[in-house]
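1. Fold the following and give me the result.
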Amino acid sequence: MDENEIFEAHRDHLRSVAWRLLGDRAQAEDAVQEAWLRLERTDVSDVENLGGWLTTVTARVALTMLRARRREEPADAPEDDEPVRDTGPEDLAVRADELGVALVVLLEALAPAERLAFVLHDLFGLPFTEIAPIVERSPEATRQLASRARRRVRGRAPQAGADLAARQEVVTAFLAAAREGDFAGLLAVLDPEVELRADPVAVAAAEAGRGHGAPELASSVRGADAVARVFAGRAQAARPALLDGSPGAFYVAGGAVRSVFRFTVVGDRVIGLEVVADPGTIAAIDLEPASSEWHS
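-> Residues are numbered from 1 along each chain as shown. Sure, this is the predicted structure:
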C-alpha cells in the first residue's frame, strides 16, 4: 500500500480528529489537507506507524489553528485559564443535536492545549506520552491538562438531571445485554458507526486471558456488529460508575480497579467506548461507584 492509499484509508479518522478539535468543518478539511501536503513533502520511509504520524501532524496543525483563533480574540479576552465562550444558547441548541452537549461545551470552553489533550486522549485513546510533544509539555503535565479539561466540561455542561439519567439508562442497557449475551440488545444501543478503543494494557490483558473467557480485543474496533461481538456474553463483573461525572463501568480484581469502560452516549446510542487498563490513567479518573438505583 503506497502513501496515498494509506492516507485515504485514514482520511475519515483524520477528519474526525480535526473536526472535534476545531469544531468547524471547513477548518477541519483544511487541517487534513495540510497533513496530506506535509506527507508529500516528508520522507516517511522510516516511520513505522504512518497512521499515528498523520494523526500527530493533523493535531499539530489543528493546535496551530486554535492558537491563531485565540490571538484573533479581543485584547481583553481572558487567558487560557479562563477561556472565552461566545457561543449563544441558540447556537448551542442547534449544534447539540449533532455533537452532543459535552462536545459542544468542550469545543467552546477549553483552552487549545486542554482541548487537544482531552480530545486526543479521551475521545481517540492516544497515550499521554504521544500527546505531550504536541502540546510541548511533559506526559504528567499533559495528563493534568486532560484532567482539568474533564472538570471544566463536567462543571459547565448542562448535562445533569434528565440527560445524565438517560445516559445511565443506555449504559445499563448495554451492560445487561452484554452479560446476557443479547446480541440484538447490544445492537439496539450501539450506533452503527460506534468505535471501541482499548489502551495497550487492556489489549495485552485480553490477550493473556484468552482461553479463560476473555474477549478478543484490538486497539480499535469499528462498527456496531464488531463491537457487539466483543462484548456479547462478557462484562459479568463490570460495575456501573460515574467516571469524571459521566456514566461508565469498572472492573475490580484483587481489591484494585483493573479496568474502566468509558461510554460516549448521544441520544439513545453509544457512539464511542473506551477500555482503559493503564494504572496511571485510571488513577487520574474521578471514579464514583454507581448508586443501587441504576445497577443493571
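2. The longest helix belonging to the chain: how far from the chain's middle?
-> In the chain, assigned by DSSP state H, the helix with the most residues is helix 50-71. Chain-centre distance of helix 50-71: 17 Å, with Cα atoms, centre = their mean, to the nearest Å.
3. Summarise which helices and strands it is packed against.
-> Packed against helix 50-71 by the contact rule (3 or more Cβ pairs under 8 Å, 6 or more residues apart in numbering; DSSP states H and E) you find helix 3-22, helix 25-41, helix 112-118, helix 128-135. Quick note: C-beta positions are derived from backbone N, CA and C, even for glycine.
4. Same question for stretch 33-53: list its buried residues.
-> Across stretch 33-53, burial judged by 16 or more other Cβ atoms under 10 Å covers 34-36, 38-39, 50, 53.
5. What residues does the nearest residue to residue 36 once chain neighbours are set aside make contact with?
-> Excluding its sequence neighbours, the residue lying closest to residue 36 (Cβ to Cβ, 6 or more residues apart in numbering) is residue 7, at 5.8 Å. Contacts here follow Cβ atoms under 8 Å, 6 or more residues apart in numbering; on that basis residue 7 touches 35-36, 39, 54.
6. all strands of this protein, in order?
-> 190-198, 220-222, 239-243, 246-253, 256-266, 269-276, 287-289 (DSSP state E).
7. would you turn those into TSV with mean pLDDT?
-> Putting the strands of the chain into TSV (pLDDT from 0 to 100) gives the following:
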stretch	mean pLDDT
strand 190-198	88
strand 220-222	84
strand 239-243	91
strand 246-253	90
strand 256-266	89
strand 269-276	89
strand 287-289	89
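8. which stretch among the ones you listed comes nearest residue 126?
-> strand 190-198 (9.4 Å; Cβ to Cβ).
9. what's the angle between that closest one and strand 256-266?
-> Put simply, strand 190-198 runs at 150 degrees to strand 256-266, going by axes from the mean of the first three to the mean of the last three Cα atoms, to 10 degrees.
10. Now tell me which helix or strand of the protein has the poorest mean pLDDT.
-> Within the chain, judged by mean pLDDT, DSSP states H and E, the helix or strand with the poorest mean is helix 89-99; its value is a mean of 36.
11. My guess is residue 236 contacts residue 179. True?
-> Yes: at 5.5 Å, residue 236 counts as touching residue 179 under the criterion of Cβ atoms under 8 Å.
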